[in-house]
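Trainee: The following comprises the amino acid sequence and a computationally predicted model.
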Amino acid sequence: MSYDHELLHSCPPVSGTVFGRKDDGYPARLAQAKFLSAQMRSRKPFCFLRMGDMELRYLLAKQHNRLDGIEPGTGPISGTRAYGNPGLTAKHAERLRRAYEGADYVDFHEQNWPNEHLISRLELRRAPGSYRNLTKETSLVFLTWTEKEFKEYCRNRRIGFAAAEARLLELLSQTPEFREAAADYWPDNAEIFYHQVRNDGRDLDANLDVIKEDLQGFAKEHRLDTIFLSLGGGAKILSYELSRELGICCFDFGAMIRALTYSGSDGNRAARSTHSPFLFRIPFDTYMTALERAFPGLTPAELLAKAHGQLLLELMRKEVGWTSVSWDFDFNEQNVSAFRDAFRAYRKRYRKLFGSSSATKMERAGFLHFCGKHRLTLEGRLFLFVFRVKTLLRHCSRRTSG
């Protein structure tokens with residue numbers, strides 16, 4: 001059973017989007033976000049979890065004894081293709097189920113198209129006194145909560161970010177470009193700490209308990225009130241267990257760490273993210289400077305792939321406080337203008353990598369093909385023209401030889 005992008009989204013809904021509309025049930029979801037904040041302030045321990053589509057399929061596979069063959073991985077190196085998986089093998093299935101059954105609040109994400117049709121098949125024995133989203137429209141509450149509640153909730157608290165993007169967020173938060181762009185969302189009067197989780201896409205499953213020990217030490221050292229944890233399927237398990245063992249609030253933050261960093265790729269992968277929540281833009285040069293400092297060990301092909309992921313992020317459909325899947329592009333004037341600004345910086349910054357190896361050439365070819373298909377750059381259009389001519393010649397040659 002594979003969790004790659006093609007499997008998860010092989011049958012997209014007719015509307016072309018996996019997620020619902022932000023406006024659907026927005027007042028009720030905003031009220032639910034306020035309720036969530038009140039619970040987080042008044043209850044310790046407290047654990048908020050989300051039911052991602054990959055975790056749901058994982059639990060259903062466990063329920064039907066079909067977990068054989070599930071393997072985590074980093075996926076391809078590609079700035080144009082999306083990839084994601086929960087990072088867990090079958091050995092953690094029971095811990096994951098216990099976390100969902102015991103968590104104080106679970107959002108079942110019915111506005112995520114696969115969940116809408118699959119959640120009714122899942123059998124969970126939820127703890128007495130626990131909460132969940134009230135309706136389909138009030139699901140995906142973490143998007144609205146981060147947009148409207150996060151800044152005020154963090155005021156006068158000791159909070160921690162634990163994620164593969166934690167160091168990146170720390171570096172970006174020190175820049176004037178970030179502070180200006182994030183002014184409406186970033187907490188002031190909060191003591192903020194950062195923990196770079198050891199997770200390269202293969203180690204999460206094997207080292208889950210070592211990561212847990214790291215997080216215990218992080219929370220105790222800084223006397224944290226709340227941890228915002230982004231760690232795929234592992235975040236669900238560790239958020240629940242740490243909240244109980246440490247008596248703190250743990251929030252399954254997921255993709256919102258990418259919204260705060262304006263990242264087109266996960267911190268532990270050199271491939272585009274499967275979906276991207278949006279709050280604000282960060283300039284390409286500002287982002288890439290922080291990225292190179294946060295991840296100094298990236299290969300040239302990985303660095304180029306992450307740069308391409310950022311360029312494509314500029315072109316995705318954007319709605320503040322909502323998310324869009326990887327194929328949902330919007331070539332409006334604002335997005336194309338942002339892409340062109342970023343593209344100029346990209347050429348100046350990374351031209352030396354374009355032909356440095358076979359891997360960078362392959363990564364560059366995928367990007368040029370995308371640009372040519374969408375008529376974004378002259379280089380892309382020329383690349384696509386030559387590609388089509390060569391394809392036609394090969395086809396004619398095969399017909400002649402046949």
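Mentor: Here it is on my side, so go on.

Trainee: what's the offset of stretch 265-272 from the middle of its chain?
Mentor: With Cα atoms, centre = their mean, to the nearest Å as the basis, the distance from the averaged C-alpha position of stretch 265-272 to the chain average is 9 Å.

Trainee: neighbouring contacts of that stretch?
Mentor: Contact with stretch 265-272 is made by 74-84, 163-166, 168, 199-201, 257-258, 264, 273, 294-295, 298, 301-302, 305-306, 309-310, 312, 326, as judged by Cβ atoms under 8 Å, 6 or more residues apart in numbering. In this view, the C-beta of every residue, glycine as well, is placed from N, C-alpha and C.

Trainee: in it, what counts as buried?
Mentor: Of the residues in stretch 265-272, those buried by neighbour count under the rule 16 or more other Cβ atoms under 10 Å are 265-272.

Trainee: same deal with stretch 127-136?
Mentor: Buried residues in stretch 127-136 (16+ other Cβ under 10 Å): 131, 133, 136.

Trainee: try stretch 95-105
Mentor: Buried residues in stretch 95-105, counting neighbours by 16+ other Cβ under 10 Å, are found at 95-97, 99-100, 102-105.

Trainee: picking that back up, now, which of the buried residues of stretch 265-272 sits nearest residue 188?
Mentor: Closest to residue 188 out of these is residue 267 (24.8 Å), distances taken as Cβ to Cβ.

Trainee: Near residue 184, how many residues? Count them for me, please.
Mentor: Other residues near residue 184 number 11, with proximity taken as other Cβ atoms under 10 Å.

Trainee: give me every residue that touches it.
Mentor: Shown in contact with residue 184 (Cβ under 8 Å, 6+ apart): 151, 280.

Trainee: you'd agree it is in a helix?
Mentor: No - when DSSP: H, G, I helix; E, B strand; the rest coil is applied, residue 184 is found to be coil, with no helix at that position.

Trainee: separation between it and residue 167?
Mentor: Counting by Cβ to Cβ, to the nearest Å, the separation of residue 184 from residue 167 is 24 Å.

Trainee: With residue 335 instead?
Mentor: From residue 335 to residue 167 the distance is 28 Å (Cβ to Cβ).

Trainee: what do you get for residue 308?
Mentor: When distances are taken as Cβ to Cβ, residue 308 and residue 167 turn out to be 21 Å apart.

Trainee: If you count residues, where's the longest helix of this structure?
Mentor: Of all the elements of type helix in the chain, the one with the most residues (DSSP state H) is helix 378-401.

Trainee: Please spell out which residues along it are buried.
Mentor: Buried residues in helix 378-401 (16+ other Cβ under 10 Å): 379-381, 383-384.

Trainee: Convert that helix to CSV, retaining C-alpha atoms only.
Mentor: C-alpha atoms of helix 378-401 as CSV (Å, rounded to 0.1, in the frame of the first residue of the first chain):
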residue,chain,number,x,y,z
LEU,A,378,11.1,32.1,-23.0
GLU,A,379,13.5,29.4,-22.0
GLY,A,380,10.6,27.2,-21.1
ARG,A,381,8.8,27.7,-24.4
LEU,A,382,12.0,26.9,-26.3
PHE,A,383,12.7,23.8,-24.2
LEU,A,384,9.2,22.5,-24.8
PHE,A,385,9.4,23.2,-28.5
VAL,A,386,12.6,21.2,-28.8
PHE,A,387,11.2,18.5,-26.6
ARG,A,388,8.2,18.1,-28.8
VAL,A,389,10.2,18.1,-32.0
LYS,A,390,12.5,15.4,-30.6
THR,A,391,9.5,13.3,-29.5
LEU,A,392,8.0,13.6,-33.0
LEU,A,393,11.2,12.6,-34.7
ARG,A,394,11.5,9.6,-32.4
HIS,A,395,8.0,8.6,-33.2
CYS,A,396,8.5,9.0,-36.9
SER,A,397,11.8,7.0,-36.7
ARG,A,398,10.0,4.1,-35.0
ARG,A,399,7.2,4.1,-37.6
THR,A,400,9.8,4.1,-40.4
SER,A,401,11.9,1.3,-38.9
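
Trainee: Just want to know which of residue 308 and residue 167 has more residues nearby.
Mentor: Taking residue 308 and residue 167 together and counting by other Cβ under 10 Å, residue 308 has the greater number of neighbours (26 against 20).

Trainee: and that one, what element?
Mentor: Per DSSP states H and E, residue 308 falls inside helix 300-313.

Trainee: swap in residue 229?
Mentor: Taking DSSP H and E as the criterion, the element that holds residue 229 is strand 226-230.

Trainee: Which strands border that strand, and is each parallel or antiparallel?
Mentor: The strands that strand 226-230 pairs with in its sheet are strand 158-163 (parallel), strand 249-252 (parallel) (by DSSP bridges).

Trainee: C-terminal to that strand, what's the next element?
Mentor: Beyond strand 226-230 toward the C-terminal end (DSSP H and E), the next one is helix 232-246.

Trainee: other SSEs contacting that next one?
Mentor: In this structure, helix 232-246 packs against strand 46-50, helix 53-63, helix 93-102, helix 203-206, helix 208-222, strand 226-230, strand 249-252, with contacts taken as 3 or more Cβ pairs under 8 Å, 6 or more residues apart in numbering; DSSP states H and E.

Trainee: Out of the ones you listed, the one nearest residue 279 is which?
Mentor: With Cβ to Cβ, the closest approach to residue 279 among these belongs to strand 226-230: 14.3 Å.

Trainee: Other residues contacting the helix holding residue 308?
Mentor: Helix 300-313 has contacts (Cβ under 8 Å, 6+ apart) with 77-80, 262-265, 270-273, 276, 284, 287-288, 291-292, 298, 329, 339, 342-343, 346, 349-350, 353-354, 356-357, 359-360, 362-364, 366-367, 370.

Trainee: for the record, mean pLDDT for whichever helix or strand comes after that helix?
Mentor: The element immediately downstream of helix 300-313 (helix or strand, assigned by DSSP H and E) is strand 322-325. Mean pLDDT, taken over the full extent of strand 322-325, equals 95.
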